[in-house]
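*Asks:* Give me a 3D structure for the following:
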Amino acid sequence: MENEIKAGVQIKEEQNDILSSIAGISEKMNYKMPNLLLVAGNGRNVGKTTLACRIIKQFANKIEVTGLKISPHFHNFNETNVIYKSENVVIAEEKQNHAKDSSRMLQAGARQVFFAMARPGHLPVAIKFLYQILPANLIVCESGGLHELITPGLFFMVKRKGEEIVKTHLLRHSPILVNYDGENFDFDIQLLYFDNSQIKLRDGQIH
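*Replies:* This is a model prediction of the structure:
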């Protein structure tokens with residue numbers, strides 16, 4: 001019994017060490033990614049993927065666009081397309097046409113799309129790997145937590161028209177608020193342009 005207790009304590013200490021290490025990475029990590037346009041949302045089904053896909057389509061005929069979908073939830077995935085895998089993080093390249101968000105990005109015209117699944121607390125591990133492989137071209141990313149770890153070129157927060165802002169913590173990062181009425185957005189994506197590896201607004205403002 002005593003040995004079992006000691007073993008349990010040791011495992012717990014090891015887990016705490018891992019969590020502390022991850023927390024330390026999170027606190028220190030702040031990658032500058034001016035070529036990345038980040039889309040987060042006020043909740044589910046508010047139009048995040050729709051906006052991301054419209055932006056991808058807007059640029060796809062002019063320049064190369066990479067799509068990136070990051071989720072804290074684990075879904076079924078094709079093992080043959082996995083490029084990174086651990087107990088808490090899976091990153092795959094999307095190559096199939098189906099109804100998932102990452103596939104919608106591909107169908108919208110993205111040259112390449114990555115789908116990353118990272119359990120809570122392990123997103124820094126995923127970003128550290130992605131940062132090494134992502135290209136310098138335009139990246140359109142949908143993620144609810146990436147804003148804590150990187151500084152994107154532009155950051156959009158999408159919400160349903162008329163709804164109250166629930167995820168107020170996102171406001172600390174001064175996102176561009178975009179309202180969606182189920183069909184249209186109150187932001188003109190024609191204002192976006194990509195220049196010198198940076199996503200910008202035509203009025204000269206850089207977020």
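
*Asks:* okay, CA-based contacts and neighbour counts for the rest of this
*Replies:* OK.

*Asks:* wait, is Ala116 part of a strand?
*Replies:* Yes - per DSSP: H, G, I helix; E, B strand; the rest coil, Ala116 lies within a strand segment.

*Asks:* what bridges to it?
*Replies:* Counting by DSSP bridges, Ala116 is bridged to Ile70, Ile91.

*Asks:* Would you enumerate the residues in contact with the residue nearest to Met29 when sequence neighbours are not counted?
*Replies:* What sits nearest to Met29 in space, not counting adjacent residues and going by Cα to Cα, 6 or more residues apart in numbering, is Leu149, at 5.6 Å. For Leu149, the contacting residues are Ser26, Met29, Asn30, Tyr31, Pro124, by Cα atoms under 8 Å, 6 or more residues apart in numbering.

*Asks:* list the contacts for the third one?
*Replies:* Under the criterion of Cα under 8 Å, 6+ apart, the contact list for Asn30 reads Glu148, Leu149, Ile150, Thr151.

*Asks:* redo that, cut-off 7 Å
*Replies:* Contact partners of Asn30, counting by Cα atoms under 7 Å, 6 or more residues apart in numbering, are Leu149, Ile150, Thr151.

*Asks:* now the residues you listed in CSV, with secondary structure, pLDDT and distance to Ser103?
*Replies:* Output for the contacts of Asn30, formatted as CSV (DSSP: H, G, I helix; E, B strand; the rest coil; pLDDT from 0 to 100; distance: Cα to Cα, whole Å):
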residue, secondary structure, pLDDT, distance to Ser103
Leu149, coil, 95, 25
Ile150, strand, 95, 24
Thr151, strand, 96, 25
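
*Asks:* Can you point out the buried residues in the host helix or strand of Thr50?
*Replies:* Take DSSP states H and E as the rule and Thr50 turns out to sit in helix 48-60. For helix 48-60, the neighbour count (16 or more other Cα atoms under 10 Å) marks Lys48, Thr49, Thr50, Leu51, Ala52, Cys53, Ile55, Ile56, Lys57, Gln58, Phe59, Ala60 as buried.
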